[in-house]
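Peer 1: model the following, please.
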Amino acid sequence: MFHTNRITCGITDVCYLFTGRRLVCLLMLAMAVTVEAGDPLRYRAGLRLSPDKNKLSEKERKAILESLREKTGLLELGFDEDGFLSLGEVENHRGGSKTARALLTETAGLSYAIDLESHNNSKDIAFGRLDKPVNFTNFSSGEQIEVYPIQLDFADFKKLRGDSRVIAAFDIGFVILHELGHAVLGLHDRVENELETGECEDYINRIRRELGHPVRESYYARIYRRSIMASLQTVPIAELEFSLDKGSGKSRYRLNWPAADVGPIVPAGVRRGSMAASFN
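Peer 2: I've put the predicted structure just below:
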């Protein structure tokens, strides 16, 4: 998942600024890609499954639907024949998180577009990230729309290790909701130290609490090295801590994955003898 104040676009760092609920790219004229689309649906706003080369497989589409239905409780949630998110009757829900429902309701009313893209086995993406926008312009009609790609690496989730409860608290649905927190609500990841989660993950933790899932304890992943059996080599392991308040006390869970196999981890400094790192 990406940093709201800095994105790496190829070899160039681009700064972003949140204005109200819109994500506006500084240096838009110099950096954003402007193209003309032949697809007439390209100028329709909302959350959409990418129709392009990074389109999702049917299995990936079903995984997203299953996870978002569980998070929201919306019984009629789906994607229409053109790949756009459809909430159905919002009052028709069973369980789920009211915060998650509010976020997807906000998403359904966007004046710009968000594409869900599949980027499996990418070395540049750890689980998911919000990439730079693309400006589409119909030079004949004058129609314009900004499209924000959410790039997802489904293969990364297969590398997660931990208790089933903590893996469920960090699935594809939660990653998508986190990125929507950036793109739709303008929430930031910015934190002062590795013990904080940042306002975007605070919002996602609210959803986790409403669903009875463990909550993420920090924004930064701890990095340590693990020995390979029958070898002198070690490999870097990334680890996040989660907790679940059971009233009489907290249960703690650890979620880890092979850091080098998942994607880029940006060092955030050395604290108390171990490296803290941000991966989203």
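Peer 1: so for stretch 165-175, mean pLDDT?
Peer 2: Stretch 165-175 shows a mean pLDDT of 98.
Peer 1: residues near residue 105, how many?
Peer 2: 13 (other Cβ atoms under 10 Å). C-beta coordinates here come from the backbone N, C-alpha and C atoms, glycine included.
Peer 1: what's near enough to touch it?
Peer 2: Residues counted as contacts of residue 105 (Cβ atoms under 8 Å, 6 or more residues apart in numbering) are 87, 90.
Peer 1: go with 10 Å
Peer 2: 72, 74, 87, 90 (Cβ atoms under 10 Å, 6 or more residues apart in numbering).
Peer 1: and which of the residues you listed is nearest to residue 115?
Peer 2: Closest approach to residue 115 among the contacts of residue 105 (Cβ to Cβ): residue 87, at 17.9 Å.
Peer 1: if I pick the residue nearest to residue 49 when sequence neighbours are not counted, what's in contact with it?
Peer 2: Leaving out its chain neighbours, the residue that sits closest to residue 49 by Cβ to Cβ, 6 or more residues apart in numbering is residue 83, at 3.8 Å. Residues counted as contacts of residue 83 (Cβ under 10 Å, 6+ apart) are 41, 46, 47, 48, 49, 50, 51, 55, 56, 61, 115, 116.
Peer 1: switch to 7 Å and redo it
Peer 2: When contacts are counted by Cβ atoms under 7 Å, 6 or more residues apart in numbering, residue 83 touches 48, 49, 51.
Peer 1: now render the contacts of residue 105 as JSON lines, adding pLDDT.
Peer 2: Below are the contacts of residue 105 laid out as JSON lines (pLDDT from 0 to 100):
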{"residue": "72", "pLDDT": "98"}
{"residue": "74", "pLDDT": "97"}
{"residue": "87", "pLDDT": "96"}
{"residue": "90", "pLDDT": "91"}
